[in-house]
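In: predicted model and sequence below, questions to follow.
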Amino acid sequence: MALPNIDRYMVPKYMSDLYMSYYGSQSCPPGWLYGPAMRDHYLYVLVMNGRGQYRVRDRDYPIAAGQAFVLFPGELAMYRADDLEPWEYTWFGF
């Protein structure tokens, strides 16, 4: 049985101003796209392998292995895996 390519883990909410709410990883197929969308929390994304693009405030940013980006609450953003070298990344929401 093949394992799914997305792993997600929920972290309990603690009585604190800042807490990690979930984390996970994904190996994306070529051209995989998320968004444009807004979140109600912060999301830190670290690219482990491959490359793609992050778009926020009408500007595109090329992102490659070893780089990271942050999605901010209430901000419209999208990200897309490269067609030839799709990325694999890990993330955590807080």
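Out: Noted; the coordinates are in hand. Since we're looking at a predicted model, the values are computed, not measured.
In: from now on I want contacts and neighbour counts done on CA atoms only, so please keep to that.
Out: OK.
In: tell me which helix or strand T90 sits in.
Out: strand 88-93 (DSSP states H and E).
In: just the CA coordinates of that strand, formatted as PDB?
Out: Extracted in PDB, the C-alpha atoms of strand 88-93 (Å, rounded to 0.1, in the frame of the first residue of the first chain):
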ATOM      1  CA  GLU A  88       9.100  19.200  -1.700                       C
ATOM      2  CA  TYR A  89       8.400  21.300   1.400                       C
ATOM      3  CA  THR A  90       7.600  21.200   5.100                       C
ATOM      4  CA  TRP A  91       5.500  23.800   6.900                       C
ATOM      5  CA  PHE A  92       4.100  24.800  10.200                       C
ATOM      6  CA  GLY A  93       1.100  27.000  11.000                       C
END
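In: mind listing what that strand pairs with, with the direction of each?
Out: Next to strand 88-93 in the sheet, as set by DSSP bridges, lie strand 22-27 (antiparallel), strand 43-49 (antiparallel).
In: in this structure L84 contacts P30, no?
Out: Yes. L84 lies in contact with P30 (C-alpha atoms under 8 Å); the separation is 6.5 Å.
In: between these two, which is the more surrounded one?
Out: Counted by other C-alpha atoms under 10 Å, L84 and P30 do not tie: P30 has more neighbours, with 15 against 12.
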